[in-house]
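Visitor: Pasting a predicted model and its sequence here:
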There are 2 protein chains.
Amino acid sequence: MTTPPGRRERKKAATRRKIADTALRLFLERGYDAVGIREVAAEADVAVTTLFSHFPSKEALVFEQDADFEQRLIRAVTDRTPDEPLVPALRREIHALVRHCTADSASPVWHMVDTSPALRAYEESMRLRHAESLAAALTADPGLARTTTACRTIARFTIDAYALARESADPQAAVDEIFRMIEAAWAVT
Amino acid sequence: MTTPPGRRERKKAATRRKIADTALRLFLERGYDAVGIREVAAEADVAVTTLFSHFPSKEALVFEQDADFEQRLIRAVTDRTPDEPLVPALRREIHALVRHCTADSASPVWHMVDTSPALRAYEESMRLRHAESLAAALTADPGLARTTTACRTIARFTIDAYALARESADPQAAVDEIFRMIEAAWAVT
DNA sequence: GACCGTAACACTAACGGTTAGCTTTATGGA
DNA sequence: TCCATAAAGCTAACCGTTAGTGTTACGGTC
């Protein structure tokens, strides 16, 4: 634990980043389906097996920051001030996440995701994992005191809000509209 | 429409059923991952290309009745009596669907689904399609008069209810609990 | 009843993602 | 200095899936 990132770990991180950057660049230049794994590996100057030791699948190359999304959601629950109610905290975080991924700079990536069935399917199963993590955080919060089913339901609804808002013409308004519904749903539990 | 299924169509249906039955039998006997497509095709005595002309993917072999699920959901909306409110109609249908797929006879299949990541991912993207169809039916219902976002939201929530209930220890109770939340969400739109 | 368009099926060969098995390199600690 | 081990590499395949190209047999038409 006394090791301020050693050379080994730095090299590993560099390899990982080089692979991800190369992959994203090629995908955006020529299309996700038109670029093969062998090509990404060659361009990043690594072996195919190395690529797969850093990323579990081709789709995962596109969702590199996967874990960030999950962490932010969970922190929105665990790091909120003791008197702040749950749903507004979730809404605030979803607002921020939607704003982040509908920003102009991120738009080419999301356009690519939206037009590739494989990427859409992968994203959806990712979101499911996030919903499960969020549900676990809700269940663990002693201030909430709801059933497991209620927690899992609100977690799913929250992820739904993100997904629906992202596809909406007016994402921020959609978040508000859906969260009014979530607020009501939470209130009856 | 005056054609009482000709021989051609009967043979096609027979081939389709033979493939699906063979696949399900092999999958249950030896595990989904342990049985390859070439093996299913050989056992059903068809060419691999024939198999893929009947089913779009290996996973689709397991979810043969896919379309039924979707149709039932939509009919629950369109075929309800003019004065019956929406949410109870949806709840009734989800109750029936959950009962159907948690029946003892269906349990081995669902256990297989639950233990195969590929099948779970496929099921989830199937449900998404169903949610979109349901949302379209809701949007088209002149008696509802809600925003597109509200319709899509309720459609997703309904699918969530199905998915969560199926995994719950007491599925019927879970449906009721989640639908109390959906009822409240619908009421505020 | 012969005839033709076509739907269903078959065969081969390949492509692209993914993995197993094994070797090589280089880093961090003893 | 030397060893254990993590990282990366190479080969060779497996598996789902598809394109390309016939071949058969059904169904409607003359």
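Guide: All right, it came through fine.

Visitor: What parts of chain A come near DNA strand C?
Guide: Contact residues, chain A versus DNA strand C (Cβ under 7 Å from any atom of the strand): A:3, A:6-9, A:11, A:35-38, A:48-49, A:52, A:56-59. Where C-beta positions appear, they are placed from N, C-alpha and C, glycine not excepted.

Visitor: swap the cut-off to 10 Å and go again
Guide: Contact residues, chain A versus DNA strand C (Cβ under 10 Å from any atom of the strand): A:1-3, A:5-12, A:27, A:32-41, A:47-53, A:55-61, A:118, A:122.

Visitor: Same list, those, but only the ones touching chain B.
Guide: Counting by Cβ under 8 Å from any Cβ of the partner chain, A:Tyr122 from the residues of chain A next to DNA strand C sit close to chain B.

Visitor: Now that we have the residues of chain A next to DNA strand C, which of them are buried?
Guide: Among the residues of chain A next to DNA strand C, those classed as buried by neighbour count (16 or more other Cβ atoms under 10 Å in any protein chain shown) are A:27, A:32, A:35, A:40-41, A:51, A:55, A:58-61, A:122.

Visitor: Now render the residues you listed as TSV, adding pLDDT.
Guide: TSV is the format used below for these (pLDDT from 0 to 100):
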residue	pLDDT
A:Phe27	98
A:Tyr32	97
A:Val35	97
A:Val40	98
A:Ala41	97
A:Leu51	98
A:Phe55	97
A:Lys58	98
A:Glu59	98
A:Ala60	98
A:Leu61	98
A:Tyr122	96
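
Visitor: Farthest-apart pair in the residues you listed, please.
Guide: Greatest spatial distance among these (Cβ to Cβ): A:Ala41 and A:Tyr122, at 19.4 Å.

Visitor: State the pLDDT value of A:Gly31.
Guide: With respect to pLDDT, A:Gly31 scores 96.

Visitor: thinking again about what came up before, just the ones of the residues of chain A next to DNA strand C in helices?
Guide: Of these, the ones assigned to helices by DSSP state H are A:7-12, A:27, A:37-41, A:48-53, A:118, A:122.

Visitor: Contact residues of chain A facing DNA strand D?
Guide: Contacts of chain A with DNA strand D, taken as Cβ under 10 Å from any atom of the strand, map to A:6, A:8-16, A:18-19, A:37-38, A:41-42, A:44-54.

Visitor: Could you report the separation of the nearest residue to A:Val35 once chain neighbours are set aside from B:Arg129?
Guide: Distance criterion Cβ to Cβ, 6 or more residues apart in numbering or on different chains; nearest residue to A:Val35, sequence neighbours excluded, is A:Leu26 at 4.6 Å. From A:Leu26 across to B:Arg129, the span is 30 Å (Cβ to Cβ, to the nearest Å).

Visitor: neighbours around A:Asn156, how many?
Guide: No, residue A:156 isn't Asn; it's Arg. By other Cβ atoms under 10 Å in any protein chain shown, 24 other residues sit near A:Arg156.

Visitor: and if you look at the one 3 residues further on?
Guide: Burial measure for A:Ile159: 24 neighbouring residues, criterion other Cβ under 10 Å.

Visitor: Just after the strand or helix carrying it, pick out the following helix or strand.
Guide: Assigned by DSSP states H and E, A:Ile159 belongs to helix A:148-167. On the C-terminal side of helix A:148-167, the nearest following helix or strand under DSSP H and E is helix A:171-187.

Visitor: And the pLDDT for A:Glu9?
Guide: The per-residue pLDDT of A:Glu9 was computed as 88.

Visitor: Let me see the contact set for the closest residue to A:Leu138 other than its chain neighbours.
Guide: With sequence-adjacent residues excluded and distances taken as Cβ to Cβ, 6+ apart, A:Leu138 is closest to A:Cys151, at 3.9 Å. Contacts for A:Cys151 (Cβ atoms under 8 Å, 6 or more residues apart in numbering or on different chains) come out as A:135, A:138-139, A:144.

Visitor: Among the residues you listed, name the ones in strands.
Guide: Of the contacts of A:Cys151, none are assigned to strands by DSSP state E.
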